[in-house]
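Asks: Only the shape, not the letters, is given here:
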């Protein structure tokens, strides 16, 4: 069983920045592929960013490329999402998720992830 706990959400003005953190339990965190998703009111949960276990490769939704950066610190069992140049349309509950081996075939599919955090609210005011 893996527990994921997000933090760092809040209210920010458009153009501002926030850094989300996701702390994971487990002794094999470096083997978890990690993803960030978000869900806005009335919308489906969508992929935001993903990172493989070593941190060498990262993946982003087109809507956040160039503004968001995903990273991880395996010594701290933590994955981060640095969000810059925030827009009102980034307002959502942000979730981190873990994909354990055997890995799924797509970063974008919710079903490939084995564990989810409880989410943290990000609100961007205009």
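Replies: Happy to help now that I have it. Predicted, not measured: the structure shown is a model, and the values here were computed from it. Numbers count the residues shown, from 1 in each chain.
Asks: Am I right that residue 92 is in contact with residue 44?
Replies: No - using Cβ atoms under 8 Å, residue 92 makes no contact with residue 44, being 10.9 Å away. Every residue, glycine included, has its C-beta placed from N, CA and C.
Asks: so who does the most centrally placed residue in the chain touch?
Replies: In the chain, the residue lying closest to the centroid (Cα atoms, centre = their mean) is residue 36, at 2.0 Å. The contact partners of residue 36, by Cβ atoms under 8 Å, 6 or more residues apart in numbering, come to 20, 22, 47-50, 70, 79, 81, 94-97.
Asks: That one pairs with what?
Replies: residue 49, residue 96 (DSSP bridges).
Asks: about what we covered before: looking at residue 92 and residue 44, which one has more neighbours?
Replies: residue 92 (22 against 8; other Cβ atoms under 10 Å).
Asks: Once you drop chain neighbours, what's closest to that one?
Replies: Computed as Cβ to Cβ, 6 or more residues apart in numbering, the closest residue to residue 92 that is not its neighbour in sequence is residue 38, at 3.8 Å.
Asks: my read: that neighbour touches residue 89, true?
Replies: No - distance between residue 38 and residue 89: 10.4 Å, which falls outside the contact criterion (Cβ under 8 Å).
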